[in-house]
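Colleague: from the sequence below, what's the structure:
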Amino acid sequence: MKRIILILIIAGFPILMMAQNRAIIDKVIAIVGSELILLSDVEEQYDLMSKQQGVLPEDFRGQILENLLADRLLLNQSRLDSIIVSDEEIESQLQARIDQILAYMNNDIAQFEAYYGQSIADVKASFRSDLENQLLVQRMRSSIVSDVNITPAEVKEFFHSIPIDSLPYFNSEVEIGEIVLKPEINDEQREISRTKLEEIRRRIVEDGEDFAELAKIYSDDPSSARIGGDLGMQRRGTFVAEFEAAAYNLEKDSISEVFESEFGFHFVQLLDRRGNNIHTRHILVRPLITQDDLLKTKTVLDSVKYLVDVDSINFSRAVKLFSDKKTQSYNNDGVIVNPNNGKAIFETGELEPGVYFAIDTLQVGEITNSIEFTDRDGSVGYKLILLKSRTIPHVANLSQDYSKIKAAATESKTNLYIMNWVGTKIQSTYIKIDPMFQDYPILQSWMVNKERL
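Modeller: Have a look, this model is predicted:
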């Protein structure tokens, strides 16, 4: 039963990635209440894990079936408890997972449909039931553990139960904030860029030159330029407002006028439209940022650092007055969130080299000098980095790592709670298991006083 903790919230999109392999000759190998488990359910997961991890333990199919039994037990109970997942939630999550897979395929719908042998609409319809079951299991699990709380005494008890030689070692971690400033484009460069793009558009519309070839030569969007400016099929809300205003007002194959967005000047061609999804390509020309523009920006940011250093203004206020409003940190008092864990903590090895070396000699509460950076979109700017906190490498301890230890203790208690719930429900739930699995020791607790298929 200890492996029951492996269950439950199935990540992201595996159901979509596995389900194309349903060529296995199927049979029912287990029944839990009104829910069935098929041999293919086990074999698909076994196949996926063997490809990821290589040779698996002999009893691994038993482990997979135990997790599936626990999953179906939760699903069966969710139906008994009349738990409901709305159609809107299912559609939203299904679309999000489809979008995630498409992102891995560079938004190539043809590749997606070739991989699955179905249209996107058919794939969504095929997996709607599987996703609904996943969401019901998640909701049932949340319902079971909703009252689980953990006290400081339990956190300490959990920590002291870990053998000293098994305590985790934490690398140096920092919490940092930023003030970001990007140079303003001067009027001369703005006009040069617009004129250049107007001429490129004229060559396509009037002279009949090839859009894709000119995009490869002239577009300043590196991700799309190499493929002729193609942005793939995207849903509404993907692009900035100016782009969508231009694109959604086009007829198929028509080309917009030149327009300006935060990225520079564009024109866009609509290649296809399916409801709120559009397939477009564009050419982008960014106005040149001159050395004078950069120097002015750096000078402003150096002045901001001086004001903060002499206590004329605090860092949080400086963020609101000077930092770029489009940065994620702007609405978080300048605090930078680690995209790897969603928290405001970075291991020093996760930092960009420029930031790492800039803060390496700082004391907590100090601010770096202006650091030049280049964004993913190619734009250049400057930022100040505040070192808010720093820990030195250390073995886990309660004083420095209480929040991490509490999270681990809560997870442990939650898993134990679920294990006990499952153990109780086994006794009162109709369960049948095929004899082909009767020799797996891990499954014996599921077959006590139960029938076999």
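Colleague: look up phi and psi at residue 286.
Modeller: When read as degrees, to the nearest 10, the backbone of residue 286 gives phi -90, psi 130.
Colleague: that one: neighbour count?
Modeller: Counted with other CB atoms under 10 Å, residues neighbouring residue 286 total 18. Bear in mind the C-beta positions are built from the backbone N, C-alpha and C, glycine included.
Colleague: could you do residue 267 as well?
Modeller: Residue 267 is flanked by 23 other residues according to other CB under 10 Å.
Colleague: right, and residue 329 touches residue 320 too?
Modeller: No. The pair residue 329 / residue 320 is not scored as a contact, 11.4 Å apart, by CB atoms under 8 Å.
Colleague: who's more crowded, these two?
Modeller: Neighbours were tallied for residue 329 and for residue 320 using other CB under 10 Å; the higher tally belongs to residue 329 (20 against 14).
Colleague: and that one, what pLDDT?
Modeller: Residue 329 is assigned a predicted lDDT (pLDDT) of 93.
Colleague: and if you look at residue 193?
Modeller: Per the predicted model, pLDDT is 95 at residue 193.
Colleague: list phi and psi for it.
Modeller: The phi/psi pair for residue 193 (degrees, to the nearest 10) reads phi -70, psi -40.
Colleague: can you tell me how far residue 139 is from residue 81?
Modeller: 9 Å (CB to CB, to the nearest Å).
Colleague: just want to know which of the two has more residues nearby.
Modeller: residue 139 (17 against 12).
Colleague: could you pull up the mean pLDDT of stretch 393-402?
Modeller: For stretch 393-402, the per-residue pLDDT averages 92.
Colleague: repeat for stretch 207-222
Modeller: Here the average pLDDT along stretch 207-222 is 94.
Colleague: same question for stretch 250-263.
Modeller: Average pLDDT, stretch 250-263: 94.
Colleague: and it, what's buried?
Modeller: 250, 255-256, 258-259, 261, 263 (16 or more other CB atoms under 10 Å).
Colleague: dump those into TSV; add secondary structure and distance to residue 394 as well.
Modeller: Formatted as TSV, the buried residues of stretch 250-263 follow (DSSP: H, G, I helix; E, B strand; the rest coil; distance: CB to CB, whole Å):
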residue	secondary structure	distance to residue 394
250	coil	59
255	strand	60
256	coil	57
258	coil	57
259	strand	54
261	strand	47
263	coil	44
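Colleague: let's have those residues in TSV, adding distance to residue 415.
Modeller: Below are these laid out as TSV (distance: CB to CB, whole Å):
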residue	distance to residue 415
250	53
255	57
256	55
258	58
259	54
261	48
263	47
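Colleague: out of those, who's nearest residue 38?
Modeller: residue 250 (47.8 Å; CB to CB).
Colleague: give me the nearest residue to the closest one, chain neighbours excluded.
Modeller: What sits nearest to residue 250 in space, not counting adjacent residues and going by CB to CB, 6 or more residues apart in numbering, is residue 270, at 3.9 Å.
Colleague: do residue 260 as well
Modeller: Using CB to CB, 6+ apart and skipping residues adjacent in sequence, the residue nearest residue 260 is residue 242, 6.8 Å away.
Colleague: tell me the helices and strands packed up against the host helix or strand of residue 98.
Modeller: Following DSSP states H and E, one finds residue 98 within helix 87-104. Applying 3 or more CB pairs under 8 Å, 6 or more residues apart in numbering; DSSP states H and E, we find helix 87-104 packed against helix 14-18, helix 109-116, helix 120-144, strand 230-235.
Colleague: output the lowest mean pLDDT helix or strand found in the chain.
Modeller: helix 14-18 (a mean of 46; mean pLDDT, DSSP states H and E).
Colleague: isn't the residue nearest to residue 250 right up against residue 277?
Modeller: No. Applying CB under 8 Å as the test, residue 270 and residue 277 come out as separate, 11.5 Å apart.
Colleague: which one of these two has more residues nearby?
Modeller: residue 270 (20 against 15).
Colleague: which strand or helix spans the residue nearest to residue 260?
Modeller: In this assignment (DSSP H and E), residue 242 forms part of helix 241-247.
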